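Colleague: model this:
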Amino acid sequence: MSVQNQCPAKSDSGERCARRRPDVRRWTLVALGVLCVGIGAVGAVIPGLPTTIFLLAASWCFTRSCPWLEARLIRNRFFGPYLCFLDGQQGMPKRAMWTTLAVMWTAILTSMAMLILSDAHIALVLSIPLLGAVGTVFVLRTARPRPINPLDPPMTCPLRADS
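Modeller: Next up is the predicted model:
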């Protein structure tokens with residue numbers, strides 16, 4: 001039987017066979033991931049433009065569309081250090097956790113003081129520490145080491161000095 005006869009437009013029963021269409025969602029996620037990597041690269045050299053959040057978004061897009069691009073992004077010598085804590089095997093270093101919490105709560109308290117001085121609505125002022133509490137819980141959860149699956153290969157992180 002030739003290749004053309006294996007999947008005719010209509011089978012003998014009259015049903016159309018499933019033809020492989022281009023997956024628009026997959027290619028959209030790949031394009032969005034590449035765009036996020038590009039913005040992250042610009043953010044690495046332009047002060048004030050974040051890098052990590054765009055690399056996290058790119059990693060998310062690549063995970064759902066093209067896993068080998070995600071692996072390549074994580075292995076990249078420039079962007080890998082930003083993503084090395086995503087492996088799920090190791091928690092955030094203690095020093096990074098305390099620095100994150102200190103900077104976050106300093107910004108929260110400064111924002112609250114500025115809003116209070118500008119006579120902002122009380123609901124807005126009170127929402128800031130509530131959102132900060134959510135962020136604190138997230139940071140504390142990522143700081144705890146996770147159980148290591150012996151089947152997973154260990155991922156080395158160049159930024160991890162205080163394990």
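Colleague: give the buried residues for the biggest helix by length in the chain.
Modeller: For the chain, the helix that runs over the most residues, judged by DSSP state H, is helix 94-117. Across helix 94-117, burial judged by 16 or more other C-beta atoms under 10 Å covers 96-97, 100-101, 108, 111-112, 115. Backbone N, C-alpha and C define where each C-beta goes, glycine included.
Colleague: any stretches of this protein with poor pLDDT?
Modeller: Counting by pLDDT under 70, the chain shows low-confidence ranges at 1-22, 84-91, 143-163.
Colleague: let's see it at 80
Modeller: Judged against pLDDT under 80, the low-scoring parts of the chain cover residues 1-22, 48, 80-93, 96, 139, 141-163.
Colleague: the helices in it, which residues?
Modeller: If DSSP H is used as the criterion, the helices of the chain fall at 3-6, 24-45, 52-65, 67-75, 80-83, 94-117, 122-143.
Colleague: buried set for the last one?
Modeller: Meaning helix 122-143. 125, 128, 132, 136, 139, 142-143.
Colleague: before we move on, the earlier item: going by distance to residue 50, which of the buried residues of helix 94-117 wins?
Modeller: Each of the buried residues of helix 94-117 was scored against residue 50 by C-beta to C-beta, and residue 100 proved nearest at 14.2 Å.
Colleague: what's the closest non-adjacent residue to the closest one?
Modeller: residue 139 (5.4 Å; C-beta to C-beta, 6 or more residues apart in numbering).
Colleague: pull the contacting residues for that neighbour.
Modeller: Contacts for residue 139 (C-beta atoms under 8 Å, 6 or more residues apart in numbering) come out as 92, 97, 100-101, 104.
Colleague: as JSON lines, the residues you listed with distance to residue 49 would be great.
Modeller: What follows is the contacts of residue 139, written out as JSON lines (distance: C-beta to C-beta, whole Å):
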{"residue": "92", "distance to residue 49": "23"}
{"residue": "97", "distance to residue 49": "25"}
{"residue": "100", "distance to residue 49": "19"}
{"residue": "101", "distance to residue 49": "24"}
{"residue": "104", "distance to residue 49": "19"}
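Colleague: the residues you listed: which two are farthest apart?
Modeller: Comparing all pairs in the contacts of residue 139 by C-beta to C-beta, the longest separation belongs to 92 and 104, at 13.0 Å.
Colleague: pipe the buried residues of helix 94-117 into TSV and attach distance to residue 24 per row.
Modeller: TSV is the format used below for those (distance: C-beta to C-beta, whole Å):
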residue	distance to residue 24
96	39
97	40
100	38
101	42
108	41
111	41
112	45
115	44
